[in-house]
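[1] Sequence first, then the predicted structure, then my questions.
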Amino acid sequence: MVTGCNSKTIAVTDLTFEQKIEDFDFLYSVLESSYPFFEYEEEIYGITWLKNKEKYINMIKDTKNNFEFYATLDSIFSDLPSAHTAILEPPNNNYKSLNCFFDNDVKKNKTLCAKGTIWNDYIRLYEQKNRIISNVCFEYIEGQYVLNYYSSKNINWEIPYGTVLKKINKKSVVDFYKDNHSIVNYRYDAFRDIIYKSYAIFNFEQGIEVELEVEDASGYISVIKAFYSPIVEEKAVWMPDEFSYIFPGSDLNRKFFYSYIEDIQTVYINFQRLDKVAYNSFKLNIDKVNNKENIIIDLRNNSGGNPKLFINLILSLINNEKDEVVREWYVKDSEINKNILSLLKNVHIEDDTVKIKNADYFLVRESIKKNQVVKGFKTNRVFILVNNRSASATDLIVNYIKSRGLATVIGTNTWGEGTSGSYAAIPLPNSGLVFTFMPGLSFNDDGSCNSCVGTYPDIWSEQSIEDSIKKWDMLSNGQDIHKFEAILEHDTILKCVINEIKNTNK
């Protein structure tokens, strides 16, 4: 029994094995017919998702309750690197934030929204009753997995932050996850040409026992016994805010932030989200950031938002005179995708299909008209900062700017999927859980799959282990790492762009 938002007690019945398999078979058939990236993901990531069907069914067969079923679906989806393909977190009220294909079929379905609330309440109660607080997180930094400060403060072991995870059960971290699932998505490191997981998460209470080979700053190597479990990882996602150290996100939890770096006459603008709040906040402060020699637009950790709104805003800042942004993508010929194509407005769809990887695709071409929403903005040079969490509408803007040389893009490759239209949301027949997938396939200028590798920067720069430890030292000493003066000390990419500006000023 769980308590819903309306304070009524609602019964939650565990799904039967047959119902779980029917749900999986449904989503499998949708992706098999309409998802465009399987061949590209196999080439880059070595993932053969469609061939793993029996393996996934056996994973579902082992689930003991609804929570484990949900967590297992999450780990199955994590084998797909696509930024928009996932099992959604059930909401505590409705799906009103959805803005995609078939969104009205979800958010206007009262029964489905009620199921979402039931699932949300059930998962939170399950996590609370079965809480694991001994989680530790190694972050992927500079090609290595580094124990973060938050984990070192929340466990009873004497290993300092900055310690590097070298092996799991005598295997490399990537090789371990080839045989063992995690809810953390695969990503692609364009600089090193390797795949990776953003985090490696373990605990000391529950799961499969593993041996972690770790190396401290002095080079001393030790072996620690811990537990691995995607079920426990899922619990960590649903823990209250005081446990958010497990999945550390952005250090700058504001939708819009700006500052001025006087010695190089540069204004720094940080957008954490491309929404109306950030848009309106910027417009209110336009006079304070105008007429500066340089502008840094920070789009790191920005997972997107309203593409048309921010294309107009950011291209106005760059003083781009072109009046439209054109994007092209391909949609696989399937019944579901034909329904998606029928929903598109103000686009051109080619009548004849083209062959890509032995499948038929429709070519879609969209022009996004640009309006000069910020008039009279003046600056000489523009720098765009990105990282592996810059995705969706953010990637669209970055991809367009980079391909036309309108600004200097600095950081890592993005998470992609800005140049391929929107995603679709579809409910599962028995559980009522909602999954999303990206139907659009698009390519970068070099022919690479945008969904699989994202958009490459002009100048590669990434957060260093040294600066991460510097930030964690600040935290350990009680300093506010969110102050801009502190950010200038521990933010490797920001320091890189500042040095770039200083060097070009000489």
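    Thanks, I have the structure now. Just so we're clear, the structure is a prediction, and the values are computed from it rather than from any experiment. Numbering: from 1, shown residues only.
[2] got the CA positions of stretch 491-506 in CSV?
    Output of stretch 491-506 as CSV, limited to C-alpha atoms (Å, rounded to 0.1, in the frame of the first residue of the first chain):
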residue,chain,number,x,y,z
ASP,A,491,37.1,25.0,-13.5
THR,A,492,39.6,23.7,-16.0
ILE,A,493,37.5,24.5,-19.1
LEU,A,494,36.8,28.1,-18.0
LYS,A,495,40.5,28.6,-17.3
CYS,A,496,41.2,27.2,-20.8
VAL,A,497,39.0,29.8,-22.5
ILE,A,498,40.4,32.6,-20.4
ASN,A,499,43.9,31.6,-21.4
GLU,A,500,42.8,31.4,-25.1
ILE,A,501,41.5,35.0,-24.8
LYS,A,502,44.7,36.3,-23.1
ASN,A,503,46.9,34.6,-25.8
THR,A,504,44.9,36.1,-28.7
ASN,A,505,45.1,39.5,-27.0
LYS,A,506,48.9,39.5,-27.1
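[3] The chain should start at 60 in everything you say after this.
    Okay, residue one is now 60; in that scheme the one you just asked about reads as stretch 550-565.
[4] ok, and the closest non-adjacent residue to E352?
    Nearest non-adjacent residue to E352, counting by C-beta to C-beta, 6 or more residues apart in numbering: Q324, 3.8 Å away. Using the backbone N, CA and C atoms, a C-beta is placed for each residue, glycine as well.
[5] Could you tell me how many residues sit around that neighbour?
    As a burial measure, Q324 scores 15 neighbours (other C-beta atoms under 10 Å).
[6] mind listing what it touches?
    For Q324, the contacting residues are K351, E352, N353, by C-beta atoms under 8 Å, 6 or more residues apart in numbering.
[7] tally of neighbours for the first one?
    It stands for K351. Neighbour count for K351, taken as other C-beta under 10 Å: 21.
[8] repeat for Y287
    23.
[9] which residues does it contact?
    Taking C-beta under 8 Å, 6+ apart, one finds I227, N239, F261, G266, I267, V269 in contact with Y287.
[10] per-residue pLDDT, it?
    pLDDT recorded at Y287 is 95.
[11] for the contacts of Y287, which one is nearest N151?
    Distance to N151, by C-beta to C-beta, is smallest for G266 among these, at 27.5 Å.
[12] I figured that closest one hits S288, correct?
    Yes: using C-beta atoms under 8 Å, G266 makes contact with S288 at a distance of 2.8 Å.
[13] These two - which one has more neighbours?
    Set G266 next to S288 and count neighbours by other C-beta under 10 Å: S288 wins out with 21 against 17.
[14] Point me to the helix or strand that includes G464.
    Under the criterion DSSP states H and E, no helix or strand holds G464.
[15] tally of neighbours for it?
    Around G464 sit 9 other residues, with neighbours defined as other C-beta under 10 Å.
[16] Same check on T563?
    Per other C-beta under 10 Å, the neighbour tally for T563 reads 11.
[17] Quick check: it is in a helix.
    Yes: judged by DSSP: H, G, I helix; E, B strand; the rest coil, T563 forms part of a helix.
[18] follow-up on the earlier one: PyMOL command for the buried members of the contacts of Y287?
    Here is the PyMOL command that selects the buried residues among these (16 or more other C-beta atoms under 10 Å):
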select buried, resi 227+239+261+266+269
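[19] quick one: which of the contacts of Q324 is nearest V273?
    Nearest to V273 among these, with distances taken as C-beta to C-beta, is N353, at 41.6 Å.
[20] Spatially, which residue comes closest to the closest one, not counting chain neighbours?
    Closest residue to N353 apart from its sequence neighbours, by C-beta to C-beta, 6+ apart: T325 at 4.0 Å.
[21] In terms of secondary structure, what does the longest helix anywhere in the chain contact?
    Ordering each helix of the chain by length in residues (DSSP state H) puts helix 169-188 first. Under the contact definition 3 or more C-beta pairs under 8 Å, 6 or more residues apart in numbering; DSSP states H and E, helix 169-188 sits against strand 61-62, helix 125-136, helix 162-166.
[22] And the residue nearest to E352, how close does it get to E559?
    Applying C-beta to C-beta, to the nearest Å, the value for Q324 to E559 is 14 Å.
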